[in-house]
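J.: sequence below, structure please.
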Amino acid sequence: TSTTTTTTATDTDALLTVDMVQEVCAWFVHVLVHAKHRGAVDFVHAGLTQVCARLWTYTRVPALASLPTTWLQSTLQRLQQMSAEDSDSITRRSAGLPALLQAILATEPAASATAHLATTFETLLQLASQDEASEHNNNTDAATATAT
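T.: Okay, the predicted model is just below:
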């Protein structure tokens, strides 16, 4: 058995290579990050949910088992970046971002669920607080400008 990423997990009779799985998973994430059509989001969400459920427990190939965590971290970073760049609702940019988070968090094994869920909620609450503070400042500025 070879150790390169183009080989199968640990057995030579596996149907898919690690690279193939990573490519398919990257497609799921890409569609959910960029999709605006609800039908596409629902379809891809269902598939990613099944994939995440399998990957979380796939310990034979750590590179695959760590994919949901990697996606979660990059999605939270993307949300923080989007929030900093634009005061509009970040979920308007992609209908699939909530579905992406849900697919990852809902399938996480119970033993580790609290760590990722807590981190995700902390980040989302922080973003909501920033948006609320920004909106309050904008409303105050508009009221001041109108009064003068």
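J.: CA atoms of the helix or strand hosting Pro68 as PDB?
T.: Remark: Pro68 resides in helix 67-85, with elements defined by DSSP states H and E. Backbone C-alpha positions of helix 67-85 (Å, rounded to 0.1, in the frame of the first residue of the first chain) are rendered in PDB as follows:
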ATOM      1  CA  LEU A  67     -12.300  17.200   6.300                       C
ATOM      2  CA  PRO A  68     -15.500  18.200   8.200                       C
ATOM      3  CA  THR A  69     -13.400  20.100  10.800                       C
ATOM      4  CA  THR A  70     -11.500  21.800   8.100                       C
ATOM      5  CA  TRP A  71     -14.700  22.800   6.300                       C
ATOM      6  CA  LEU A  72     -16.200  24.200   9.500                       C
ATOM      7  CA  GLN A  73     -13.100  26.300  10.300                       C
ATOM      8  CA  SER A  74     -12.900  27.700   6.800                       C
ATOM      9  CA  THR A  75     -16.600  28.400   6.700                       C
ATOM     10  CA  LEU A  76     -16.400  30.300  10.000                       C
ATOM     11  CA  GLN A  77     -13.400  32.300   8.700                       C
ATOM     12  CA  ARG A  78     -15.300  33.100   5.500                       C
ATOM     13  CA  LEU A  79     -18.300  34.300   7.500                       C
ATOM     14  CA  GLN A  80     -16.000  36.600   9.600                       C
ATOM     15  CA  GLN A  81     -14.300  37.900   6.500                       C
ATOM     16  CA  MET A  82     -17.700  38.600   4.800                       C
ATOM     17  CA  SER A  83     -19.000  40.300   7.800                       C
ATOM     18  CA  ALA A  84     -16.000  42.600   8.000                       C
ATOM     19  CA  GLU A  85     -16.200  43.500   4.300                       C
END
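J.: buried residues in that helix, which are they?
T.: Within helix 67-85, the residues scored as buried using 16 or more other C-beta atoms under 10 Å are 67-69, 71-72, 75-76, 78-80, 82-83. Any C-beta I mention is one placed from the backbone N, CA and C, and that applies to glycine too.
J.: summarise which helices and strands that helix is packed against.
T.: Under the contact criterion of 3 or more C-beta pairs under 8 Å, 6 or more residues apart in numbering; DSSP states H and E, helix 67-85 touches helix 18-34, helix 38-56, helix 96-107, helix 113-147.
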